[in-house]
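*Asks:* This is a predicted model, with the sequence first.
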Number of protein chains: 2
Amino acid sequence: MSFYEQLKFDANGLIPAIVQDQKTGRVLMMAWMNRASLETTLQTGKTHFWSRSRQKFWMKGETSGHTQNVKDIAFDCDGDTLLIQVEQVGAACHEGYHSCFFRSVQEGPGHFKTTEERLVNPEQIYGKK
Amino acid sequence: MSFYEQLKFDANGLIPAIVQDQKTGRVLMMAWMNRASLETTLQTGKTHFWSRSRQKFWMKGETSGHTQNVKDIAFDCDGDTLLIQVEQVGAACHEGYHSCFFRSVQEGPGHFKTTEERLVNPEQIYGKK
C-alpha cells in the first residue's frame, strides 16, 4: 500500500510538516505541504512547501540559500501530520535564528524570553523590509 | 507584552502544538489547542488540547494515564505554532507507540516501514474497538 493512501490532506489539500534537525533533534519549523510539494520534496531531496499566505509553491532556501536536505519523512498515526528529518544549511528561521521556536513562555503571567542567539542578520539575506 | 498577543489562532480559534520528549528530542505528536486548553496546560502543567473530530476539550492521558508533564512551551516566529517540551508518561500514541510518528517513507514508490516497537497494546487501555 502506498503511504500516500495513509495521508489525509485537509479541506485545502494541505498537510502540516514539522521539520527537525536530524543531528541535534532541534525542531526547526512547521510549514504546510500539498501533494505536489511533497512529491517534489521526495524527488529532489530538498524540502518544498505551499505558502498559505502567498498562495505559492516554494523551496526552503530558494532566496536565502538555507536549504534543507531531507534525511527521513515520517507520518503520524492519523496520517494528518508529517515529520521531516533534515540537515539544515544555515538558519531555518527567516528572522535569522537556527530554529523558528526561539521564544519560550516564562514564569509570570504571559511573559516570554528569547532562547537562541541570532545566527544571521535577515536584512543581509532578504534585504530591508 | 504578553506572549498571548504574539499568538495567532486560526479561523477556528485553534493553534497546532508539536509535542516533543524533552530528554530524547523525539517528536511525539501534534495536536490542536484553543486558548482555553493552552491556559489550562499552563495552569496545570499537563497538556490539554481541543479535539477537532470530537469537538471536545481533552487532557492527554485522561483515559490511558499516559499524561504529559510540561517542561517548556515555545512559539514560532509567526506565532502560529507551539512547541511543547514534555516528560511523557508511557506511550504518547493511542496506537501504543512511544511516538505517533512510528512510520517512515521508504525507498521505492510510495512504500513505508514501521520504525518503532509497540510499547503497549491499545486494547488493554482503551478497550476493543
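*Replies:* Okay, I see it. Note that the structure is predicted; figures quoted are calculated from it, not measured.
*Asks:* Buried residues in the helix ranked longest in chain A, which are they?
*Replies:* Longest helix of chain A, by residue count under DSSP state H: helix A:35-44. If you call a residue buried by 16 or more other Cβ atoms under 10 Å in any protein chain shown, then helix A:35-44 has these buried ones: A:37-38, A:40-41. In short, each C-beta sits where N, CA and C put it, glycine included.
*Asks:* That one vs chain B: in contact?
*Replies:* Yes: applying Cβ under 8 Å from any Cβ of the partner chain, one finds helix A:35-44 touching chain B at residue A:42.
*Asks:* Name the strands paired with the helix or strand following that helix and say parallel or antiparallel.
*Replies:* Using DSSP states H and E, the helix or strand that follows helix A:35-44 towards the C-terminus is strand A:48-51. Sheet pairing here is set by DSSP bridges, and for strand A:48-51 it gives strand A:56-59 (antiparallel).
*Asks:* Residues contacting the partner strand, please?
*Replies:* Residues outside strand A:56-59 that contact it (Cβ atoms under 8 Å, 6 or more residues apart in numbering or on different chains) are A:34, A:36-37, A:40, A:44, A:46-51, A:67.
*Asks:* So which of the residues you listed sits lowest on pLDDT?
*Replies:* The member of the contacts of strand A:56-59 with the lowest pLDDT is residue A:51, at 92.
*Asks:* Tell me which residues touch it, please.
*Replies:* Residues near residue A:51 by Cβ under 8 Å, 6+ apart: A:32, A:57-58.
*Asks:* Now with 6 Å, please.
*Replies:* Taking Cβ atoms under 6 Å, 6 or more residues apart in numbering or on different chains, we find residue A:51 in contact with residue A:58.
*Asks:* coming back round to it: the longest helix of chain A - contacts with which helices or strands?
*Replies:* strand A:48-51 (3 or more Cβ pairs under 6 Å, 6 or more residues apart in numbering or on different chains; DSSP states H and E).
*Asks:* beta partners for residue A:86?
*Replies:* Taking DSSP bridges as the rule, residue A:86 bridges to residue A:21, residue A:70.
*Asks:* Isn't it up against residue A:67?
*Replies:* No: Residue A:86 is beyond contact range of residue A:67, at 8.9 Å (criterion: Cβ atoms under 6 Å).
*Asks:* Looking at the two, which is more packed in?
*Replies:* residue A:86 (24 against 19; other Cβ atoms under 10 Å in any protein chain shown).
*Asks:* three-state assignment of the residue of chain A found nearest chain B?
*Replies:* Relative to chain B, the nearest point of chain A is residue A:25 (2.7 Å; Cβ to the nearest Cβ). Three-state assignment for residue A:25 (DSSP: H, G, I helix; E, B strand; the rest coil): coil.
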